[in-house]
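A.B. asks: Whatever this is, show me its structure:
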Amino acid sequence: MKFLVMPGDGIGPEIVPVAVAALEALDRKLGLGISLEEVPIGFASLETAGNTFPDEALARARDSDGVIMGPTDTLAYPPLSEGGRGPSAFMRTGCDLYANIRPAKTRTGVPSAVDNMDLVFARENTEGFYADRSMHMGNGEMMVTEDVAIAVRKITREACTKIAHAAFKLAMQRRKKVTIVTKRNVLKMTDGLFHDTVRAIGAEYPEVEVDDVIIDAMSALMVRTPDAFDVVCTSNMYGDILSDLGNELAGGLGLGGTINAGDQHVMAQAVHGSAPDIAGQDIANPTAMVLSLAMMLDWIAAREQDNKLKEAGHRLSAALDAQLADQATCTRDLGGPLGCKAFGDALVKRLEEDA
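C.D. replies: Residues are numbered from 1 along each chain as shown. Predicted structure coming up:
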């Protein structure tokens, strides 16, 4: 089994090696048969290849069983015409990673703004308000005059159907409830199509309860009654915003794991950004990156019916929970004494000692 590693920008080259070291420890322990290849992206590849996401990176990703991607500093990239490709966008569209799965969960030992949250966002990943994903050619943002800017939003029944199935399959493994989040009271056609399509797919899963909430009300209800939700199915930008809110309420973006998944490909990628202000200081929290890896192992295990990978994902999640529950083995942002590398070393030791 071949995994491709893309360290990324900012703190990426610090947190990605922690996840890789954990994976290597699991490979030694369980005999997973994993090989690792690294390909530079972001500013590292801009310097050497003149592009932040060269064609070779996408080709190698398509040829791999899973991708571990570090955060990227897309805001600082040059224009597309000068090589500034967004790696996440090109991976999501180029590998049809239509489902962005983002849990938000309170954890023992981690301070949080809410008492009890355990929900998962199933976020459509390939269209919506994102200008780089809404046109066949060109960009979905246009300057009509120097004083007027317009953005085009794309919602298709096909993409809505795919994310709906992903959401309901998740719910069947959890508490069997899906909440559809839209702004269909205002965006009657686009959000109306999203809502109606997800509702129709829900009829194929009669065991799952379905409700729907308007986006602004959802942001309030997540603070007031977070335990009322299980799987949240929503479009691209709404899911991006709400998942950040959920993870911050549950303890911080540093705990936000995520996978980008399709029918054939999957990528582990932390929710948070590249944090260039703390890069190179060994103070980043690698938890989100490690959680993303655990999620990817679970996803591949389910696809391949691979019990060893399933065991690896379970052991990694359990070891991380145990580490976060003990303040002595937490990073400084969570009140512990450890830097990024020391956190990784402690996690590897925990995995190696796990019977």
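A.B. asks: quick one: the strands in the stretch 1-150 of the chain?
C.D. replies: Assigned by DSSP state E, counting those that start in this stretch, the stretch 1-150 of the chain shows strands spanning 2-6, 35-38, 66-69, 99-105, 118-124, 141-145, 148-151.
A.B. asks: Nearest to Gln305, out of those?
C.D. replies: strand 66-69 (15.8 Å; C-beta to C-beta). (Each C-beta comes from the backbone N, C-alpha and C, glycine too.)
A.B. asks: what lines up beside that closest one in the sheet?
C.D. replies: Applying DSSP bridges, strand 66-69 is found paired with strand 2-6 (parallel), strand 266-269 (parallel).
A.B. asks: Alpha carbons of that strand, as CSV, please.
C.D. replies: C-alpha atoms of strand 66-69 as CSV (Å, rounded to 0.1, in the frame of the first residue of the first chain):
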residue,chain,number,x,y,z
GLY,A,66,-3.9,7.7,0.2
VAL,A,67,-2.4,11.2,0.5
ILE,A,68,-1.2,13.0,3.6
MET,A,69,-1.3,16.7,2.9
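A.B. asks: Please tell me how far it is from the chain's geometric centre.
C.D. replies: On the basis of C-alpha atoms, centre = their mean, to the nearest Å, strand 66-69 sits 11 Å off its chain's mean C-alpha point.
A.B. asks: which outside residues touch that strand?
C.D. replies: Under the criterion C-beta atoms under 8 Å, 6 or more residues apart in numbering, residues 1, 3-6, 8, 16, 19-20, 23, 41, 61, 87-88, 91, 265-269, 289, 292-293, 296, 300 lie in contact with strand 66-69.
A.B. asks: Among those residues, name the buried ones.
C.D. replies: Buried members of those, counted by 16 or more other C-beta atoms under 10 Å: 3-6, 8, 16, 19-20, 23, 41, 61, 87-88, 91, 265-269, 289, 292-293, 296, 300.
A.B. asks: Ok, which of the strands of the stretch 1-150 of the chain comes nearest Thr182?
C.D. replies: strand 118-124 (11.3 Å).
A.B. asks: does Pro276 count as helix, strand or coil?
C.D. replies: Following DSSP: H, G, I helix; E, B strand; the rest coil, the label given to Pro276 is coil.
A.B. asks: How many residues are close by it?
C.D. replies: 15 (other C-beta atoms under 10 Å).
A.B. asks: Test my guess that it contacts Pro13.
C.D. replies: No - using C-beta atoms under 8 Å as the test, Pro276 is too far from Pro13 to be in contact (11.8 Å).
A.B. asks: Report the spatially closest residue to Val290, excluding sequence-adjacent ones.
C.D. replies: Nearest non-adjacent residue to Val290, counting by C-beta to C-beta, 6 or more residues apart in numbering: Ala19, 5.0 Å away.
A.B. asks: The one you found touches Ala294, doesn't it?
C.D. replies: No - with contacts defined as C-beta under 8 Å, Ala19 does not count as touching Ala294, sitting 9.0 Å away.
A.B. asks: What are the boundaries of the strands in the stretch 201-350 of the chain?
C.D. replies: Per DSSP E, counting those that start in this stretch, the stretch 201-350 of the chain carries strands over the ranges 209-214, 231-234, 259-261, 266-269.
A.B. asks: what's the burial count for Asp263?
C.D. replies: Asp263 has 12 neighbours, counted by other C-beta under 10 Å.
A.B. asks: Out of the strands of the stretch 201-350 of the chain, which gets nearest to Asn51?
C.D. replies: For the strands of the stretch 201-350 of the chain, the distance to Asn51 is smallest for strand 266-269, at 18.7 Å, taking C-beta to C-beta.
A.B. asks: Rounded mean pLDDT for the closest one, please.
C.D. replies: Averaging pLDDT along strand 266-269 yields 96.
A.B. asks: from the middle of its chain, how far away would that strand be?
C.D. replies: Distance, centroid of strand 266-269 to centroid of chain: 7 Å (C-alpha atoms, centre = their mean).
A.B. asks: what residues are up against the residue nearest the centre of the chain?
C.D. replies: In the chain, the centroid-proximal residue (C-alpha atoms, centre = their mean) is Thr258; its distance is 2.5 Å. Contacts here follow C-beta under 8 Å, 6+ apart; on that basis Thr258 touches Asn100, Ile101, Arg102, Pro103, Ser243, Ala268, Gln269, Ala270, Val271, Ala288, Ser292, Met295.
A.B. asks: Relative to Thr52, which of those residues is nearest.
C.D. replies: Gln269 (15.3 Å).
A.B. asks: roughly how far apart are the residue nearest to the closest one when sequence neighbours are not counted and Ser88?
C.D. replies: Leaving aside its sequence neighbours, Gln269 sits nearest to Met69 (C-beta to C-beta, 6+ apart; 4.6 Å). Using C-beta to C-beta, to the nearest Å, one gets 7 Å for the distance from Met69 to Ser88.
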